[in-house]
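[1] Pasting the sequence and the predicted coordinates here, then a few questions.
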Amino acid sequence: MALNTAHAGGVTTTIVNPDELYDPAPNGYSHAVVASGGSRVAYIAGQGGENAQGVLPESFADQVAQAYRNLRTVLQELDASPQQVTRINTYVVNYDPSMLEVMTRYVKETFGDALPAQTLVPVPRLALDGMLFEVDATAVLE
């Protein structure tokens, strides 16, 4: 069993990727994350690609980049680091496997080796017209 442990904010997260399963790290996620030392959990609403003025870029890559910037902003406001995120759900309009490289790049840029458990959900549309990507998260705060 492959284990990777990170410490941040009094929380220890241990990534569990059983040897009997394929290695999910190249795709930007872990099979499971165990958090210990924490008793407060933040459930972070879906962050889309709109900026502070509510402007939504047209390109998928720009929306993904902004969504992860927005997620990092929420984490910062919570005095949490990305390493305290244990799970993310991503929602993609008209998903095509070619989009995975873009999403994986920003997941790895945000989380480094502390890749959270992740579910990718293809959807026909999201809340805003033109919205192509959204990510929500669960973080163990302390």
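    Right, received. Where do you want to start? Residues are numbered from 1 along each chain as shown.

[2] Run through the protein and note the low-pLDDT ranges.
    1-4, 22, 38 (pLDDT under 70).

[3] Report the helix of it that spans the greatest number of residues.
    If you go by DSSP state H, the chain has its longest helix at helix 60-77.

[4] Which strands or helices does that helix pack on?
    strand 41-48, helix 100-111, strand 133-140 (3 or more C-beta pairs under 8 Å, 6 or more residues apart in numbering; DSSP states H and E). All C-beta spots, glycine's among them, are computed from the backbone N, C-alpha and C.

[5] which one of those lies closest to residue 20?
    helix 100-111 (22.8 Å; C-beta to C-beta).

[6] Can you name every helix or strand that the closest one contacts?
    Against helix 100-111 (3+ C-beta pairs under 8 Å, 6+ apart) you get helix 60-77, strand 85-93.

[7] what's the angle from the shortest one to helix 60-77?
    With axes from the mean of the first three to the mean of the last three C-alpha atoms, to 10 degrees as the basis, strand 85-93 and helix 60-77 are set at 150 degrees to each other.

[8] between strand 85-93 and strand 133-140, how big is the angle?
    Counting by the same axes, to 10 degrees, strand 85-93 lies at 170 degrees to strand 133-140.

[9] Can you name the residues in contact with strand 85-93?
    13, 29, 33, 35, 46, 75, 99, 103, 107, 111, 114, 116-126, 131-140 (C-beta atoms under 8 Å, 6 or more residues apart in numbering).
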